[in-house]
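*Asks:* I'd like to go over a predicted model; first the sequence, then the structure.
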Amino acid sequence: MNIAIYNGNLQPTTFVLRLAQVVNEEHTVLVSGSSPKLFKHQKQGLNYLPTDPSNKLVLLIQFVLRLLVFFCVQPKKCRHFVSLLRNSDKPLLTRFKQFLIWSKFISNNIEVVHIQWASHIFLFEEILEHSYFKTMVSLRGRLINITPLAEADLKALYQRTFPKVNQFHAVTHHIKKQAMIYGAAEDKIKVIYSGVEVNSFDAFRKKDYAKRDTLQILSVGRQHWKKGYNYALEALKIVLERDIKATFTIIGAADSEEIIYTVHDLNLKNEVRLTSKMDYQDVLKEMQKADVLVLPSVSEGLANVVIEAMALGLPVISTNAVGMSELVIHKETGLLFENRDVNDLAEMIKGFNSMPQEDVKKMTDTALKKVIIQHNWKTFKQSFNDFYTC
């Protein structure tokens with residue numbers, strides 16, 4: 001089966017790359033999206049298909065050339081695409097982009113288009129009712145939980161398009177329920193948890209875990225308000241005021257003016273370290289050195305960093321936002337605090353700091369078993385192969 005994994009651009013995230021690599025073992029996969037490159041190419045064993053350039057002039061030139069070529073090769077489909085787009089009220093450049101995407105998928109005999117980010121469904125809206133290829137959409141965190149609540153146009157887009165999508169992949173059961181609000185049929189949504197190869201973490205696993213006199217707290221994630229770092233910093237301030245020694249490293253937040261200001265405002269310069277985004281292996285090394293991972297996010301689908309922390313034997317304190325309780329079971333696989341509740345987070349950090357070593361070990365062992373069962377790599381692979389062939 002020929003599958004196009006549409007990512008919006010040709011710089012996919014780690015979990016999208018993992019998905020493409022898994023699917024590529026059984027099917028022919030093209031990772032697709034906007035790119036300065038013009039031609040199909042291969043990188044690290046995966047085939048990449050640039051669908052449209054980001055430069056407006058190049059986009060226009062490529063559209064004209066593509067229109068001529070596609071009309072010569074597939075005149076009937078070309079006329080149909082033009083007809084669909086002529087009746088669309090989208091901006092002209094967007095319609096050029098759509099034509100390039102659709103025609104390139106047809107020329108590459110794509111049978112399934114898997115849209116990784118739900119908001120990109122607007123690029124396929126006019127073609128959803130026609131059987132040129134099956135459309136599948138992944139449902140992840142913010143784009144389902146938050147954005148459509150704040151953006152009426154996106155909510156309306158989902159309500160128009162979700163009933164027409166062939167199949168959905170949801171990262172949690174909670175996300176599945178949210179998508180149904182916008183018209184996604186329950187029987188078309190398959191929950192597939194992210195998969196990890198637990199053995200790949202062996203070199204980084206914390207074999208002889210022991211907390212130090214100064215608690216080493218770690219958070220990992222991009223700079224975004226939904227990551228809730230300000231709540232974590234306020235909780236740290238409370239913890240320090242209770243005479244608990246602690247430091248806090250946030251990977252990926254070095255350039256955030258808001259976070260830097262909060263650190264200075266709370267007088268935490270000596271206790272907080274902000275770093276730029278790191279390579280994956282370097283992140284694992286930082287996790288290996290930490291005592292506990294804190295996930296303070298206001299909203300999450302199911303955070304991959306928490307799965308990885310559990311696979312490494314690193315204890316987790318997580319917000320109970322959205323789908324996190326499907327992985328972090330309070331006092332069994334980690335500690336949960338009430339979303340946005342600074343005092344509750346401070347209490348969890350304080351409680352963890354005084355937790356007996358044998359209880360921490362029991363919790364991390366249970367967490368590892370949870371990852372092995374729920375996020376099993378073989379199950380993940382089989383689930384997606386079934387997903388595409390159903």
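*Replies:* Sure, I can see it.

*Asks:* burial measure for Ser83, as a count.
*Replies:* Ser83 has 10 neighbours, counted by other CB atoms under 10 Å. C-beta coordinates here come from the backbone N, C-alpha and C atoms, glycine included.

*Asks:* so how far is Phe99 from it?
*Replies:* To Phe99, Ser83 is 11 Å away according to CB to CB, to the nearest Å.

*Asks:* Also Gln178?
*Replies:* Counting by CB to CB - Gln178 and Phe99 are separated by 32 Å.

*Asks:* And the helix or strand of the chain with the lowest mean pLDDT, what does it pack against?
*Replies:* Ranked by mean pLDDT, DSSP states H and E, the weakest helix or strand in the chain is helix 141-145, scoring a mean of 84. Counting contacts by 3 or more CB pairs under 8 Å, 6 or more residues apart in numbering; DSSP states H and E, helix 141-145 packs against helix 173-181.

*Asks:* For the helix or strand following the helix it packs on, give me every contacting residue.
*Replies:* Per DSSP states H and E, the first helix or strand lying C-terminal to helix 173-181 is strand 189-191. Strand 189-191 is contacted by residues 139, 167-173, 175-176, 179-180, 383, 387, 390 when judged by CB atoms under 8 Å, 6 or more residues apart in numbering.

*Asks:* does Ser32 count as helix, strand or coil?
*Replies:* Secondary structure state of Ser32, per DSSP: H, G, I helix; E, B strand; the rest coil, is strand.

*Asks:* Which of the helices or strands spans the closest residue in space to it that isn't next to it in sequence?
*Replies:* Sequence neighbours aside, Leu49 is the residue nearest to Ser32 in space, at 4.3 Å (criterion: CB to CB, 6 or more residues apart in numbering). Remark: Leu49 resides in strand 46-50, with elements defined by DSSP H and E.

*Asks:* Please apply the same query to Gln216.
*Replies:* Using DSSP H and E, Gln216 sits within strand 215-220.

*Asks:* so what secondary structure elements neighbour that strand?
*Replies:* Strand 215-220 packs on helix 229-241, strand 246-251, helix 280-289, strand 292-295, helix 342-353, going by 3+ CB pairs under 8 Å, 6+ apart.

*Asks:* neighbouring strands for that strand, and are they parallel or not?
*Replies:* Sheet pairing here is set by DSSP bridges, and for strand 215-220 it gives strand 246-251 (parallel), strand 292-295 (parallel).

*Asks:* Give me whichever of those strands is most buried.
*Replies:* strand 292-295 (a mean of 26; mean count of other CB atoms under 10 Å).

*Asks:* helix or strand right after that one?
*Replies:* helix 304-312.

*Asks:* if we can go back for a sec, residues contacting the least confident helix or strand of the chain, please?
*Replies:* Here helix 141-145 makes contact (CB under 8 Å, 6+ apart) with 117-119, 171, 175, 178-179, 226, 299-302, 322-323.

*Asks:* Mind doing that once more with 6 Å?
*Replies:* Helix 141-145 has contacts (CB atoms under 6 Å, 6 or more residues apart in numbering) with Ala118, Ser119, Ile175, Gln178, Ala179, Lys226, Ser299, Glu300, Gly301, Val322.

*Asks:* Domain ranges for this protein, per the record?
*Replies:* 2-195+378-389, 199-374 (automatic domain parsing).

*Asks:* State the mean pLDDT of the last one.
*Replies:* Spelled out, it's domain 199-374. Across domain 199-374, the average pLDDT comes to 93.

*Asks:* how many neighbours does the closest residue to Ile110 other than its chain neighbours have?
*Replies:* Leaving out its chain neighbours, the residue that sits closest to Ile110 by CB to CB, 6+ apart is Ala4, at 4.5 Å. Using other CB under 10 Å, Ala4 has 24 neighbouring residues.
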